[in-house]
Structures are given as structure tokens and as C-alpha cells.
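A.B. asks: Generate coordinates for the sequence data below:
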Amino acid sequence: GDLKVVAQARRNITPKTMKFYGVEVSNDDAGPFKETYPYPAGVKTRYIAEKGFSVTGSINALFGQNLFGPASSKMLTITEGELDAMSAFQMLNAGSAYVNPVVSLSSASPSRKMWEDCQEWINSFDKIVLSVDKDKAGDRVAEQISKMFLGKVYRVNHGEFKDANEFLVAGKGKEFVSGWWNAKKVKPDSILSDGQDLVDLYDNTPDYEYCPTGIPELDQKMLGLHKAAFTLILAPTGIGKTEFMRYLENQILTQSDYSLAFCHLEETDLRSTLGLVSYKLGTNVTRKDLVDQKGLEAEVKAAMVELTEEGRYNQFKMNADDGPDELVEKIRFLVTAMGVDYIFFEPIQDIVAGNTSDKESKLTDLANTLKRLAPELNVGLVFIAHANEDGDAKYCKSLVQSAAYEIVLSRDSDAEDYDEANTTNIFVGRKNRVGGGSGPAGALTFSEDTYTLTPVTKFQPQVPISKGEF
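C.D. replies: Now for the predicted structure:
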């Protein structure tokens, strides 16, 4: 039968190191044929000859994470494989007076769940040192982690060796430690310093992308909602800003392959969800009493499941004491760790606190950050802003100046004609990066039966309050 050995040397990794990480090796007459790597909530089994693996339980964590407490050292080392983690640990802790924690990713393409669960633990360390392969997968991991933990990530130069285990097998432990101490901070993409940087810029820059809104006049002027851009939607109170944003969110989910995340501060989480479910079911189910009245609870719950089946739906929260910094942190995480293409948020003014002067300063800083963050992360940021009586963004005129696109909404809610009173008129404002001009850009009519908006061309929109700005 098989002989299971808890601590058997493998590729110059000592039995002591194997035992520390709890790795087991199974042998037959031909020698070792499989290894088991324990994760905090599961086990990964690697079959040596077949070069494959299987998983029991969950490996949405870092290998070795359970062995080191948060902030247990100033420096954390992350590798791409379990053997590399044990190799780096063995070399770094040889003769060391204290323990240098080393963990490994479960694969070169970690899951979104893994990043969600491990983000806080990783961030508890002052410095993150990466010992990853010198290939595209390693570069991609290094870039992803450096964006998630800005300014804290360093990378070991492996030189002639592929990974940490190759150093150990070659008896070059001291060279690895030297490279570890001399790890270079991962350079931001914004610094281009040689010809290869420019070639990489060309190869890695994504194609220009946008998602049509389904409103012909608006798409004619703006093409649609743009990735890598900050779009501001401006409207006074009572116009239906949230419903307009929800219409756009539904467009993303139903008319594209893009993923989105959204947060509506003025609604409950359930109300935000049920608003999109109403689009899916074609009937107003925005309140639980309406769901009960229509006998649609099963259909509503099924629609909720369907919304998330493709992994493109993300709804996030902001706590009462969260401010601009926390919002930017969430945006960065949603894009880098969860692959989100568009982020919708409203209203932008409610994320800041203080008197009018404080709000203006904080909103100006936030707007400038969003303007830079959108192209950096290649994400479409679509934010709603309250308009004041003069047609400018409340508290902060510079919100519009920072935007690449401005959409202005108006509605004559007092109109005698029912349809006209329920029609939201759309204008492209002062900012339109694609050069399609400003002015009237279509309309949407609201149905109380379905609680949804639909593009219409029946009513000619009236010029909004800020007509002098166009």
C-alpha cells in the first residue's frame, strides 16, 4: 500500500519545513507520486507524474496563511506555488532570529473570492515581497497585487532562475536572500522609462471601449458609456436620477458582456436590487408588499439568482462613516480583484461630510482622483451629482470640470399631460470627450406599472436651467 509520510524531503525542501506547512507526501514502489497541501479551509492534492491536481474543500485562501497571524512581521513574502513558498521560507529563515512569513497563491490566476477573503490579512503587513515567475502570468500577478496594495509591493529579481525552488535546488539560498533584501518596488505603469516600456504600452493598451445606452440621440452624441472615463450625471431633486442610473445599469447587464458594480446611497440595498429585478420581470416589484400582492416571491428570488449567475453583477455598500478614501479603495478593489468594467455611484455629494467649504474642497479632490483613476484602471465611472438652482453641481462646480462626459437631466413633473410629466429629458452638457457636441439627446418615459424607463422620441425636451452653459 501507499506509505504516507508527513515530513519527507522534496526538491531540497527539508522534512522540518514540510512538517511546518503540514505537507504530506505519498509514495509507492516508484517513489513519491502525490503531495497534499493543506489550506485554511481545504486541501489541494498534486499528482506528481500527471502534473495535475484536485481540490477538497475550498482553497480560496493563501497556502500557509493560517500559520502566520496578521501583522506578525513587517514583511510578507508571496510566491506562485506551494513548493516555492516552502523553499523561500526555508532560505529566508535559515539562521534567522525571527520568522519571516511566506505564503503562496493557489494559482497564477487567483479567484475573486480569494482576494476578497485575504485582502485585510495581506494589508496588515507593511511590505509585500513577491517571488513570482518571470513570465506574463507572473507579471500580471505582480501588477494586480501592486494596484491593490499601492506603494507596498516589491518584487524579487530571480536572475537566471525561474522561481524560489530553483534557487534552493541549485544551492543558491544566500543569493535568493540577497535578492529578497534588494527587491525592487513594483514600478507603476505611469512611469515609462525605456523603449520596452513604450512597446509594452502599445501591446497592453486595451482597445477603446464603450457600451451604447440604447438611447439613439444620446448614443449619436456620446457613443455610449465609456470605459476609462469619468461620466457625471447632473440633475436637480425629483427628476428621477436614480431611475435613470438604474436604466443604464440594466443596459450593461442585458445588452453587453461587461460587468458592473453599483451603490445607491439614497436607497436601501433591497430596493436597489428590486429595481433591477423589475426590469427583468417587466413589472413593479420594488417593494416586498408589491411582491406579496402579485404573488411573485418565487419569481423575484429566481431573478435575483439569475442576475448574479454570470458573475457580472456586484452591489456594494458604504458605511455611515465611510468617506472619499474608502470609496476610492472600494473602486480599486472592485476593478483589480473582481474584474468590474463599470461602477455606478450616487449621489457623489453625500460621500463627503462637513460645512459647505469643507465639502467643496473634498469633492474637488475626489473628482480629480476619479478623473485619474478611470483611465488608470480602465474602468467606466458613472456618478450622479445633485444640481443647484443655477444648474451647477451642488457644493462643487469643479465636479463637471473633472468629468470627461456630462449628462444633464430635466423633467416637467408639473406638466398637465401625464406622459410628458413622466418623461425624463436628456442633454449632453459641457463635457463630451468624443466631440459629438452638446444639447438635446433624447428622452425616456417612466412606467409606474413596470417601474422602468424606456427611450422615446415623442416629446421634444425643454432647454434645462443651465442652457447658458451649453
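A.B. asks: List the buried residues in the lengthiest helix in the chain.
C.D. replies: In the chain, assigned by DSSP state H, the helix with the most residues is helix 356-377. By 16 or more other C-beta atoms under 10 Å, the buried positions in helix 356-377 come out as 359-360, 362-364, 366-367, 369-371, 373-374, 377. Yep, even glycine has a C-beta here, placed from its N, CA and C like the rest.
A.B. asks: helices and strands around that helix, which ones?
C.D. replies: With contacts defined as 3 or more C-beta pairs under 8 Å, 6 or more residues apart in numbering; DSSP states H and E, helix 356-377 has these neighbours: strand 229-235, helix 324-338, strand 380-386, helix 398-402.
A.B. asks: Among the ones you listed, which comes closest to residue 349?
C.D. replies: Closest of the helices and strands packed on helix 356-377 to residue 349 is strand 380-386, at 5.5 Å (criterion: C-beta to C-beta).
A.B. asks: List the neighbouring strands of that closest one plus their orientation.
C.D. replies: Within its sheet, strand 380-386 is paired with strand 229-235 (parallel), strand 342-346 (parallel), according to DSSP bridges.
A.B. asks: contacting residues for residue 83?
C.D. replies: Taking C-beta atoms under 8 Å, 6 or more residues apart in numbering, we find residue 83 in contact with 10, 11, 13, 165.
A.B. asks: Kindly report the same for residue 317.
C.D. replies: Under the criterion of C-beta under 8 Å, 6+ apart, the neighbours of residue 317 are 263, 269.
A.B. asks: which of the residues in stretch 62-74 are buried?
C.D. replies: Judged by neighbour count using 16+ other C-beta under 10 Å, the buried positions of stretch 62-74 are 62, 63, 64, 65, 67, 68, 73.
A.B. asks: With stretch 120-140 instead?
C.D. replies: Neighbour-count burial for stretch 120-140 [16+ other C-beta under 10 Å]: 121-123, 125, 127-133, 138-139.
A.B. asks: Then stretch 346-359?
C.D. replies: 346, 347, 348, 349, 351, 352, 359.
A.B. asks: same question, stretch 139-147
C.D. replies: Buried-residue list, stretch 139-147, by 16+ other C-beta under 10 Å: 139, 141, 142, 143, 144, 145, 146, 147.
A.B. asks: Can you tell me the element the third one falls in?
C.D. replies: The one in question is residue 142. Using DSSP states H and E, residue 142 falls within helix 136-148.
A.B. asks: for stretch 273-287, the distance to its chain's centre please.
C.D. replies: Computed by C-alpha atoms, centre = their mean, to the nearest Å, the chain-centroid distance of stretch 273-287 equals 25 Å.
A.B. asks: now stretch 382-400
C.D. replies: Worked out by C-alpha atoms, centre = their mean, stretch 382-400 lies 26 Å from the chain centre.
A.B. asks: which residues are in contact with it?
C.D. replies: Contacts of stretch 382-400 (C-beta under 8 Å, 6+ apart): 225, 230-237, 241-242, 245, 248, 342-349, 356, 359-360, 363-364, 367, 370, 406, 408, 429-431, 464-467, 469.
A.B. asks: From residue 380, how far off is the residue sitting nearest the centre point of the chain?
C.D. replies: For the chain, the residue nearest the mean C-alpha position is residue 334 (1.7 Å; C-alpha atoms, centre = their mean). According to C-beta to C-beta, to the nearest Å, residue 334 and residue 380 sit 12 Å apart.
A.B. asks: so where is the stretch 301-450 of the chain shaky, pLDDT-wise?
C.D. replies: Counting by pLDDT under 70, the stretch 301-450 of the chain contains no low-confidence segment.
A.B. asks: could the buried residues of stretch 139-147 be laid out in a markdown table, adding distance to residue 101 and pLDDT?
C.D. replies: Below are those laid out as a markdown table (distance: C-beta to C-beta, whole Å; pLDDT from 0 to 100):
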| residue | distance to residue 101 | pLDDT |
| --- | --- | --- |
| 139 | 24 | 87 |
| 141 | 18 | 89 |
| 142 | 19 | 90 |
| 143 | 23 | 87 |
| 144 | 20 | 87 |
| 145 | 16 | 91 |
| 146 | 19 | 89 |
| 147 | 22 | 86 |
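A.B. asks: circling back: I'd like the buried residues of stretch 120-140 as JSON lines, with distance to residue 268 and secondary structure appended.
C.D. replies: Output for those, formatted as JSON lines (distance: C-beta to C-beta, whole Å; DSSP: H, G, I helix; E, B strand; the rest coil):
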{"residue": "121", "distance to residue 268": "31", "secondary structure": "helix"}
{"residue": "122", "distance to residue 268": "32", "secondary structure": "helix"}
{"residue": "123", "distance to residue 268": "29", "secondary structure": "helix"}
{"residue": "125", "distance to residue 268": "36", "secondary structure": "coil"}
{"residue": "127", "distance to residue 268": "41", "secondary structure": "strand"}
{"residue": "128", "distance to residue 268": "37", "secondary structure": "strand"}
{"residue": "129", "distance to residue 268": "43", "secondary structure": "strand"}
{"residue": "130", "distance to residue 268": "41", "secondary structure": "strand"}
{"residue": "131", "distance to residue 268": "45", "secondary structure": "strand"}
{"residue": "132", "distance to residue 268": "42", "secondary structure": "coil"}
{"residue": "133", "distance to residue 268": "46", "secondary structure": "coil"}
{"residue": "138", "distance to residue 268": "43", "secondary structure": "helix"}
{"residue": "139", "distance to residue 268": "42", "secondary structure": "helix"}
